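*Asks:* need a structure here:
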Amino acid sequence: MEIGTPADDPTAPPPPVTNADIQKKIALAPQYGLTILPPDSAID
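*Replies:* Numbers count the residues shown, from 1 in each chain. Model (predicted):
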């Protein structure tokens, strides 16, 4: 629940991912021992 919402209908397409969604997941990742790296195209 902290990083998303459960799917009511598992056959339905997921909602669009927003920049706010991405920022929230990046901020929460260290609490779960995860590191999220940017794509290679973002490192120039």
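*Asks:* Phi and psi next, for Leu37.
*Replies:* phi -100, psi 150 (degrees, to the nearest 10).
*Asks:* ugh, wrong one, Lys25
*Replies:* phi -70, psi -40.
*Asks:* Distance of it relative to Pro6?
*Replies:* Lys25 is 16 Å from Pro6, where distance means CB to CB, to the nearest Å. For every residue, glycine as well, the C-beta is placed using N, CA and C.
*Asks:* out of those two, which sits in the more crowded spot?
*Replies:* Counted by other CB atoms under 10 Å, Lys25 and Pro6 do not tie: Lys25 has more neighbours, with 16 against 6.
*Asks:* pLDDT score for that one?
*Replies:* Looking at Lys25, its pLDDT is 90.
*Asks:* In contact with the residue nearest to it when sequence neighbours are not counted, which residues?
*Replies:* Counting by CB to CB, 6 or more residues apart in numbering, Lys25 lies nearest to Ile3, which is 5.6 Å off, once chain neighbours are set aside. Ile3 sits next to 24-25, 28 when contact means CB atoms under 8 Å, 6 or more residues apart in numbering.
*Asks:* Next, Ile3: secondary structure please.
*Replies:* State at Ile3, reduced to three classes by DSSP: H, G, I helix; E, B strand; the rest coil: coil.
*Asks:* Next one: it from Leu34, what distance?
*Replies:* 10 Å.
*Asks:* Pick out whichever of the contacts of Ile3 sits closest to Pro13.
*Replies:* Lys25 (19.1 Å; CB to CB).
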